[in-house]
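Asks: Below are the sequence and a predicted model; questions follow.
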There are 2 protein chains.
Amino acid sequence: MSDSSSTSRDVTFLRLNSLPMLLEREIESMILDGRLSVGGRVNENQLAAAFGVSRGPVREALRSLEALGLVELLPNRGVFIRRLEIEQVIEVYGVRAALFGYAGKLLAQRGDPVVLARLRAMLDDMSAAAARHDFDRYYPLNFEFHDYVVASTGNSVLAAQYRGLVKQLRLYRAGNLMTGNTLELSNEEHARMVEAIAAGDAEAAFRACFDHVESGKERLLARSPAPASSAEPQEKSA
Amino acid sequence: MSDSSSTSRDVTFLRLNSLPMLLEREIESMILDGRLSVGGRVNENQLAAAFGVSRGPVREALRSLEALGLVELLPNRGVFIRRLEIEQVIEVYGVRAALFGYAGKLLAQRGDPVVLARLRAMLDDMSAAAARHDFDRYYPLNFEFHDYVVASTGNSVLAAQYRGLVKQLRLYRAGNLMTGNTLELSNEEHARMVEAIAAGDAEAAFRACFDHVESGKERLLARSPAPASSAEPQEKSA
DNA sequence: CGACATTAAATTGTTGACACTCTACAATCC
DNA sequence: GGATTGTAGAGTGTCAACAATTTAATGTCG
C-alpha cells in the first residue's frame, strides 16, 4: 500500500476526528462564540440538519459537552446551554486560583530558562499593549500567557483541568472584560509572578499566581450585581 | 398541588435518571469495581445485550465516561478502559494535592465548629482503627475523611474535580493499598491537618493538606516500578 | 517456512423510523 | 370569566437495520 497518497492523510485525519468529536468541537465553539446563547435551548433536529447528519452523533457530542460542563441535559426536556450564576463563578475562580498557583509553584521549582525567557517575552508584549491601553491586543496576549503558564508545567492533567475551567467561565454573561487601569494592575501582577518564578521561590510564585486569579475574581465581583438566589436553568429560546 | 404522592417520587426519579445516565453510573461502577479490567476493550453489543437495551444509550454513556477520563474512545477501533501509567498518576496526584490543599485552606479560613467537630470525630475513629492495624476499617474511613474535607468547603466545583481525580487514580493497577506503619504515618498527617484547621491557620492547613497528598504519592512511588515509556492503550480482552 | 494478498467475520458508525413525553393551544365546564 | 380538561404539535428517547471499517483467518506465492 502506498502511504504517500492522499488516502493516508484522510486516515490520520479520521483517527482523531470521528463525527461526534468533530461535532463536539464545532458545537463547543458555537457556545463559546456566543452563536448559541447561554441559557438557551438546543434543538437536536435543527442542529443535526444544520450539520447534515442524523441525531445520533449530535446526541453523543452533547453528552461529552455535558460532562465538560458546557451544557445541561434535562431528561425529556432537552439540552440547555449552561448558564453560570455568580455563585458558581466564584467557586470556579477559587479552583482556578488553586490550580494556577500550583502551576506557578511548579515553574519556580523547575526553573527552566527557556520557559522563563518565553514568559518574559510575553510579559514585555503585554506591557507594551498595556501602556497603549490597547485592550484588543492585550486580551489575547493575556489569555496566551496564562495558558502557557499551565501548559509549560508539563503536567497535562493540570493544563486540561485549568482549560476546562476557563471555558466554563465564558458561560457567565460575556462581561469578563477589563476596564480602565485594571489592565496595568493586572500586568503588574504578571510581573510579580514572573519575578518569583525567576527567583525560584516556589512559595512566592504560588502566592503571586494564586492572588492574581483571586484579584481577577475581585475585579469581576466589583462590577457584578449582588448574588441572587435563582438557580434553575431558564427556558428562554435561542 | 399535592406532591406527597408516590407519583411525585417517580417523577423526581426520572428527572435525574435517563437511561444513558443510569448506564453511565452502572458502567462506571463496573470499572471501579474491576468488573471491567483496566486496559481491556469494551464491546458495545455485549454491553447493550447485558443491560437489555440497544447500543444508542450505551454509546452515549460511554461518551460521558470518556469525558470523565475513565475510558478512551479510538475511532473505528472501540472503547478501552483507560489505563493510567505511573507518569500520569504522578500528574494526577499533583493536581489532587493542589485541590486538597486549597480545601484545607478554605476550611481553616471558615472555621466552622460543626465541620471541625466532625473532622475530629472521624480522626478519632481512624486513630482507633490505626492502633489496631485494622486496615479494612481504616480504608473506608480514610476515604470518607478526605471526601468530607472537600465536600464541607461548600465549593461544589472543587469537590467534583477532586472526586473525578480520585476515580481516575483507581485506573492505576489496584495497588493503592497501605502497608505496615504507613497507616499510622498517614493518620499523624491527618492530625496535623485538623490541628491547623482548628487553629484557623490557612497557610499551615494548606501545607498540611498538600503535603499529605504528596506523601501519599511518595509512598506509592516507593513501591512502584521505574517509570516505563510505553503509553499506547493495549488490546487485551476483557 | 515466512511474508503477503485475499477473503470472511466481527465490530463500530450512522441512519431513519417509531414510541413516548412534554408543551401549547383550544374547547369545555363550573 | 377563570380554571380544568382534552387534543394536536413538536421534540426527545429508543431501537433495529444498513453501511463502513477493522481485525482475524485463510490461502497463495516467493
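Replies: Arrived safely, thanks for sending.
Asks: care to break chain A down by domain?
Replies: Chain A breaks down into these domains under automatic domain parsing: A:9-81, A:86-222.
Asks: Let's have the ones you listed in TSV, adding distance to B:Ser29, mean neighbour count and mean pLDDT.
Replies: Every C-beta, even on glycine, is put in place using the N, C-alpha and C of the backbone. Output for these, formatted as TSV (distance: least, C-beta to C-beta, whole Å; neighbours: other C-beta atoms under 10 Å in any protein chain shown; pLDDT from 0 to 100):
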stretch	distance to B:Ser29	mean neighbour count	mean pLDDT
domain A:9-81	17	17	90
domain A:86-222	23	18	93
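Asks: can you put the ones you listed in CSV and add distance to B:Gly52?
Replies: Listed next are these as CSV, based on distance: least, C-beta to C-beta, whole Å:
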stretch, distance to B:Gly52
domain A:9-81, 19
domain A:86-222, 34
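Asks: Tell me which of those lies nearest to DNA strand D.
Replies: Proximity to DNA strand D (C-beta to the nearest atom of the strand) singles out domain A:9-81 among these, at 3.6 Å.
Asks: Grab the most central residue of chain A for me.
Replies: Closest to where the C-alpha atoms of chain A average out (C-alpha atoms, centre = their mean) is A:Val166, at 2.6 Å.
Asks: show me what contacts that one?
Replies: Applying C-beta atoms under 8 Å, 6 or more residues apart in numbering or on different chains, we find A:Val166 in contact with A:Arg96, A:His146.
Asks: thinking again about what came up before, would you format the domains of chain A as a markdown table with distance to DNA strand C included?
Replies: Converted to a markdown table, the domains of chain A look like this (distance: least, C-beta to the nearest atom of the strand, whole Å):
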| stretch | distance to DNA strand C |
| --- | --- |
| domain A:9-81 | 2 |
| domain A:86-222 | 22 |
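Asks: got the residues of chain A near chain B?
Replies: A:14-18, A:20-21, A:56, A:59-61, A:63-64, A:66-68, A:73-76, A:88, A:91-92, A:94-95, A:97-99, A:101-102, A:106, A:155-158, A:161, A:165 (C-beta under 8 Å from any C-beta of the partner chain).
Asks: mind listing which of those residues are in strands?
Replies: A:Leu73, A:Leu74 (DSSP state E).
Asks: Secondary structure element holding the residue nearest to A:Asp147 when sequence neighbours are not counted?
Replies: Excluding the flanking residues, the one nearest A:Asp147 by C-beta to C-beta, 6 or more residues apart in numbering or on different chains is A:Arg163, at 7.2 Å. Secondary-structure assignment from DSSP states H and E places A:Arg163 in helix A:156-169.
Asks: rewinding a little: between the domains of chain A, which one is closest to B:Met30.
Replies: domain A:9-81 (17.8 Å; C-beta to C-beta).
Asks: Do a quick rundown of the helices in chain A.
Replies: A:6-16, A:19-32, A:44-51, A:55-67, A:86-110, A:113-131, A:135-151, A:156-169, A:182-198, A:202-222 (DSSP state H).
Asks: who touches A:Lys167 in this structure?
Replies: A:Glu28, A:Leu32, A:Leu68, A:Gly69, A:Leu70.
Asks: Show me what from chain A comes close to DNA strand D.
Replies: A:11, A:14, A:41-45, A:55-56, A:59, A:73, A:75-79 (C-beta under 7 Å from any atom of the strand).
Asks: follow-up on the earlier one: roughly how far apart are the residue nearest to A:Asp147 and B:Asp124?
Replies: 41 Å (C-beta to C-beta, to the nearest Å).
Asks: Could you export the helix holding A:Arg163 as CSV, CA atoms only?
Replies: C-alpha atoms of helix A:156-169 as CSV (Å, rounded to 0.1, in the frame of the first residue of the first chain):
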residue,chain,number,x,y,z
SER,A,156,-1.1,17.7,31.2
VAL,A,157,-3.8,17.0,33.7
LEU,A,158,-3.3,20.3,35.3
ALA,A,159,-3.4,22.1,31.9
ALA,A,160,-6.6,20.2,30.9
GLN,A,161,-8.4,21.0,34.2
TYR,A,162,-7.4,24.6,34.0
ARG,A,163,-8.6,25.0,30.4
GLY,A,164,-11.9,23.4,31.3
LEU,A,165,-12.5,25.9,34.0
VAL,A,166,-11.6,28.8,31.7
LYS,A,167,-14.1,27.6,29.2
GLN,A,168,-16.8,27.3,31.8
LEU,A,169,-16.2,30.9,32.9
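Asks: Next, the angle from that helix to helix A:19-32.
Replies: Using axes from the mean of the first three to the mean of the last three C-alpha atoms, to 10 degrees, the direction of helix A:156-169 lies 50 degrees away from that of helix A:19-32.
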